[in-house]
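*Asks:* Sharing a model that was predicted from the sequence below.
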Amino acid sequence: MKPLNRRTFLRSAGVCLALPFLDAMIPVGRTASQAFALAREQAAKRLVCIGNPFGMIPERFFPSGSGANYTLPPLLQPLSAHQQDFTIFSNLDHGVTGGHRTAHTFLSGIRIKDAKMMPEGNISIDQKAAEFVGVNTRFPSLNVSINGHCEMVWTRTGVRVPPINNPQKVFQALFVDTTAQEKERRAIALEQHGSILDAVMGEARSFERKLGQRDREKLEEYLTSVRTVEKKLGMSKAWLDKPKPQVNMAMPENGPFVETLPLMYDLIALSLQTDSTRIATLEVGQGIKTTDLGLNTNYHKYSHHGKLPELMEGLTIIEKYQMEHLGLFFDKLKAIEDPAGGTLFDNTMVLSGSGMGNGSSHSNKNLPILLAGGGFNHGQHLVFPEAKPQRVPLSNLYLSMLQNFGLEIDHFGQSTGTLKGFEAK
């Protein structure tokens, strides 16, 4: 008999519930432990999102040709060795305006002020994927930044996930085991929180029968959120006594931007390689020290260049440096073997972009979106309609990415479907 698909879902009234790993999912001739290990490896999709607050100079980022027959523009020249492994998208955005005030929609497609009207708030693509990963990794997601923040990462409740902006703290969280005293302190805290939740659940059930239907539904929504917290507490307990992985890297020093950017990429690569997390975001903030690049004014002023040649050249240096290290990150991922076969790059989607299309004009249109790796058919520049009635939401790409990640969903953010013409291999 053919084994049950391990991604079988129960569906009813629009609700989708994943089944646990069952005996019926074990292929003939395998033990349960072998089958579970295989399923875990096959499910190990990964996602990395990289963003900055000011976008890229459009005429130096977007190619002039389309399809596979395009020439790399200046800002993409550092990625020339990987041209067949990434895709550039023109005319994708979230349909919002407001310049800096709406750049926070980069990974969600939803403005903060509109979040309460949306079924999943303004949850960002990384946090949606992190919910799916759940207990499989020590950290559902890892959010790091350099010199400031871009406000990229949001939960479904509209809360911004603050990044770690210190390489030493990132290294300690990933690879340095806590002391026995610290473990005991955390265990006590977890037990206390568990007791509080138990009390809340018991009290809530005791008066549920006194409520009307509408209030019962509201209460059930609340209890569902409580159960989510319980699950996270259980995950924390499960990982508390498990030793962290040992890596061939010394404790990093906190240094200038030119040293911190490659360090953060190294730490992200190690976090994926050790399966400490499968979701990572990197925010290149507006506070980076441009003097590290031989420049004499700040990132924000360069981004508002007003077509002045000297400012445009300075901004090009900043943006090209980011692209150079993105290319080196691709090199790292391609050099790491994946337990499921191929390389880490093959099973990792790397999204690079911004919630700002053109910092100089404060435009949120035509965002500079690049996607690499992850098993898609790459090596192309996809140009979508520019006219407003035919414009395609960037969330369509995000929906395609989440489905590729393994989520059984048909909507994300402001999506109208998956991104047509862009498929996985």
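*Replies:* Here it is on my side, so go on. Remember, predicted model here, so these are calculated numbers, not experimental data.
*Asks:* hey, let's count contacts and neighbours off CA atoms from now on
*Replies:* Noted.
*Asks:* and P393, how many residues sit next to it?
*Replies:* A count of neighbours around P393, defined by other CA atoms under 10 Å, yields 22.
*Asks:* Run through the residues that contact it.
*Replies:* Under the criterion of CA atoms under 8 Å, 6 or more residues apart in numbering, the neighbours of P393 are L92, D93, H94, G95, Q414, S415, T416.
*Asks:* residue contacts, the nearest residue in space to the fifth one that is not next to it in sequence?
*Replies:* To tie it back to what came earlier, the one meant is Q414. Once its chain neighbours are removed from consideration, Q414 has its nearest residue in S395; the separation is 5.7 Å (CA to CA, 6 or more residues apart in numbering). Neighbour list for S395: D93, H94, S108, G109, F412, G413, Q414, S415, T416 [criterion: CA under 8 Å, 6+ apart].
*Asks:* close enough to count as contact, the last one and L397?
*Replies:* No: if you go by CA atoms under 8 Å, T416 and L397 don't touch, sitting 10.2 Å apart.
*Asks:* Looking only at neighbour counts, state which of those two leads.
*Replies:* Summary of the neighbour comparison: T416 and L397, criterion other CA under 10 Å, with L397 having more neighbours (22 against 15).
*Asks:* hang on, the earlier thing: with the contacts of S395 in mind, which one is nearest to N122?
*Replies:* Using CA to CA, S108 is the member of those that sits closest to N122, with 5.6 Å.
*Asks:* State the number of residues packed around that closest one.
*Replies:* By the measure other CA under 10 Å, the count of residues near S108 is 30.
*Asks:* So it belongs to a strand, correct?
*Replies:* No: note on S108: no strand contains this position according to DSSP: H, G, I helix; E, B strand; the rest coil, which reports coil.
*Asks:* check contacts around it.
*Replies:* N122, I123, S124, I125, W154, S395, G413.
*Asks:* residues near the second one, how many?
*Replies:* The number of residues packed near I123 is 28, by other CA under 10 Å.
*Asks:* That one and M152 touch, don't they?
*Replies:* No: I123 is not in contact with M152 according to CA under 8 Å; the separation is 10.0 Å.
*Asks:* and N377, how far is that from L295?
*Replies:* According to CA to CA, to the nearest Å, N377 stands 38 Å off from L295.
*Asks:* actually S64, not the one I wrote
*Replies:* Computed as CA to CA, the S64 to L295 distance reads 29 Å.
*Asks:* okay, those two: which has more neighbours?
*Replies:* With other CA under 10 Å as the criterion, S64 and L295 differ in neighbour count, and L295 comes out ahead with 16 against 13.
*Asks:* Just give the closest residue to that one, not the sequence neighbours.
*Replies:* Setting aside the residues directly before and after it, L295 is nearest to G314 in space (CA to CA, 6+ apart), at 6.7 Å.
*Asks:* same thing with E386?
*Replies:* In space, not counting the residues next to it along the chain, E386 is nearest to N91; the distance is 5.8 Å by CA to CA, 6+ apart.
*Asks:* all strands in the stretch 151-300 of the chain, in order from the N-terminus.
*Replies:* With strands called from DSSP state E, counting those that start in this stretch, the stretch 151-300 of the chain shows them at 279-284.
*Asks:* quick one: contacts for the closest residue to P256 other than its chain neighbours?
*Replies:* Taking CA to CA, 6+ apart, and ignoring the residues beside it in sequence, P256 has D292 as its nearest neighbour in space, at 7.0 Å. Listed by CA under 8 Å, 6+ apart, the contact set of D292 reads P256, F257, V258.
*Asks:* wait, doesn't A335 sit right on T343?
*Replies:* Yes: here A335 lies in contact with T343, judged by CA under 8 Å, at a distance of 6.8 Å.
*Asks:* quick one, which of the two is more surrounded?
*Replies:* T343 (17 against 13).
*Asks:* Can you report phi and psi for the residue nearest to that one when sequence neighbours are not counted?
*Replies:* When the adjacent residues along the chain are set aside, T343 lies closest to E337, with 4.3 Å between them (CA to CA, 6+ apart). Here is the backbone geometry of E337 (degrees, to the nearest 10): phi -70, psi 140.
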